[in-house]
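Asks: My questions are about this predicted structure, shown below with the sequence.
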Amino acid sequence: MQFLKILFWCLLAFLAALFTIANWTSIPVHLPGNLVADINLPFLLLVTFLLGLLPTLGWQAARRWRLRQRLTTCERQLAEARAIHAALEPAAAPATIVEPVVTPAAPAAGGAL
């Protein structure tokens, strides 16, 4: 399975390099103040990708942190509830072995035949 993961990442890197070589052109970007910046297309695509990815990663990290906090709170409450339940439970008396009492069978009322 590790081999397939490495193969996937190598294929992805190869395709990214191929895309970069094929699209190495300058794109004029108009900035405020009548400034024009010539930016290579692969770099511009990388920057726009990161502008979309970073807020999503930040949201995901915040969500994961919040869920971890909620889980910690629930685990603490569960431990407290178990401790209270164990304290309220009466102490179990030591078990004693009681032997059954065997009574002799009474003779039949009609007598012997």
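Replies: Sure thing, it's come through.
Asks: I'd like the mean pLDDT over the helix or strand hosting Ala81, please.
Replies: Using DSSP states H and E, Ala81 falls within helix 41-88. Averaged across helix 41-88, pLDDT comes to 95.
Asks: For the remainder of this discussion, apply numbering that starts at 22.
Replies: Renumbered: residue one is now 22, and that last one reads helix 62-109.
Asks: And the residue nearest the centre of this protein?
Replies: Arg85 (8.1 Å; C-alpha atoms, centre = their mean).
Asks: rewinding a little: which strands or helices does the helix holding Ala102 pack on?
Replies: strand 47-52 (3 or more C-beta pairs under 8 Å, 6 or more residues apart in numbering; DSSP states H and E). Where C-beta positions appear, they are placed from N, C-alpha and C, glycine not excepted.
Asks: strand partners of the strand it packs on, parallel vs antiparallel please.
Replies: Sheet pairing of strand 47-52 (DSSP bridges) gives strand 56-61 (antiparallel).
Asks: what angle separates the strand it pairs with from helix 62-109?
Replies: Strand 56-61 and helix 62-109 meet at an angle of 80 degrees, taking axes from the mean of the first three to the mean of the last three C-alpha atoms, to 10 degrees as the criterion.
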